[in-house]
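Engineer: Got a predicted structure here, sequence first:
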Amino acid sequence: MNVAEALRVLSSRVVIGWLEHVGVPDLMIPCLTAKTDTGARTSSLHADKIEGYTLGGAPYVRFLPPQRWVDARNAGQYVEMPVIDKRTIRNSGGETEIRFVIGVSICIGQLVMDIELNLTDRTRMRYDMLLGRTTLSERFLIQPGITFAAGLPRI
């Protein structure tokens, strides 16, 4: 790729910072603070009381999304979603765990996209959501010295 092509590719990307506001309407979350993490492959969300089950022969998961971000009208309500996959994920401490992966739509600034999201207990972490590199690649240019560059989600 020559310099002109590289500049054209970069100019088509949305600039985001190391922290961004993200809306997750499928999970009743109008806006939360997410950390960009190019070291993580899949995006990750904090969830409580995660339970897998089968409905009509298909795998599903029931959980409570992070309550401090949920629209007050939906506080305490479980979310039920089809499971895309169960994956072995290595956490920040180097330990592996099997996590449910779901598909959701998210909104960052004016951009709405479908992503895969793994569910885990992130109670000990500062941010309830990580945006992994499969979400970030080809869509965003990350500026690690700034925060909330994309603005509030448009949802």
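Structural biologist: Perfect, thanks for sending it. Numbers count the residues shown, from 1 in each chain.

Engineer: contacts and neighbour counts: CA atoms only from here.
Structural biologist: Fine.

Engineer: Quick one: residues contacting the residue most central in space within the chain.
Structural biologist: Centroid-nearest residue in the chain: Ser43, 4.5 Å away (criterion: C-alpha atoms, centre = their mean). Contact analysis of Ser43 by C-alpha atoms under 8 Å, 6 or more residues apart in numbering lists 115-118, 129-135.

Engineer: and of those residues, the nearest to Leu27?
Structural biologist: Leu27 lies nearest to Leu117 out of the contacts of Ser43, by C-alpha to C-alpha, at 11.4 Å.

Engineer: just checking, next helix/strand downstream of the helix or strand of the chain with the lowest mean pLDDT?
Structural biologist: Every helix and strand in the chain was compared by mean pLDDT, DSSP states H and E; the lowest is helix 3-11, with a mean of 61. Per DSSP states H and E, the first helix or strand lying C-terminal to helix 3-11 is strand 14-24.

Engineer: C-terminal to that following strand, what's the next element?
Structural biologist: For strand 14-24, the following helix or strand on the C-terminal side (DSSP H and E) is strand 29-36.

Engineer: Please tell me how far the next helix or strand after that next one is from the chain's geometric centre.
Structural biologist: Note on strand 29-36: by DSSP H and E, the next helix or strand toward the C-terminus is strand 43-46. From the chain centre to the centre of strand 43-46 is a distance of 5 Å (C-alpha atoms, centre = their mean, to the nearest Å).

Engineer: buried set for the helix or strand just after strand 43-46?
Structural biologist: Next in sequence after strand 43-46, counting helices and strands by DSSP H and E, comes strand 48-55. Buried positions in strand 48-55, judged by neighbour count with 16 or more other C-alpha atoms under 10 Å: 48, 50.

Engineer: Can you give the strand pairings for the helix or strand following strand 48-55, parallel or anti for each?
Structural biologist: Moving toward the C-terminus from strand 48-55, the next helix or strand (DSSP H and E) is strand 58-64. Sheet pairing for strand 58-64, assigned by DSSP bridges, gives strand 48-55 (antiparallel), strand 79-82 (antiparallel).

Engineer: what's the closest of the ones you listed to Ile108?
Structural biologist: The nearest among the strands paired with strand 58-64, by C-alpha to C-alpha, is strand 79-82 at 21.3 Å.
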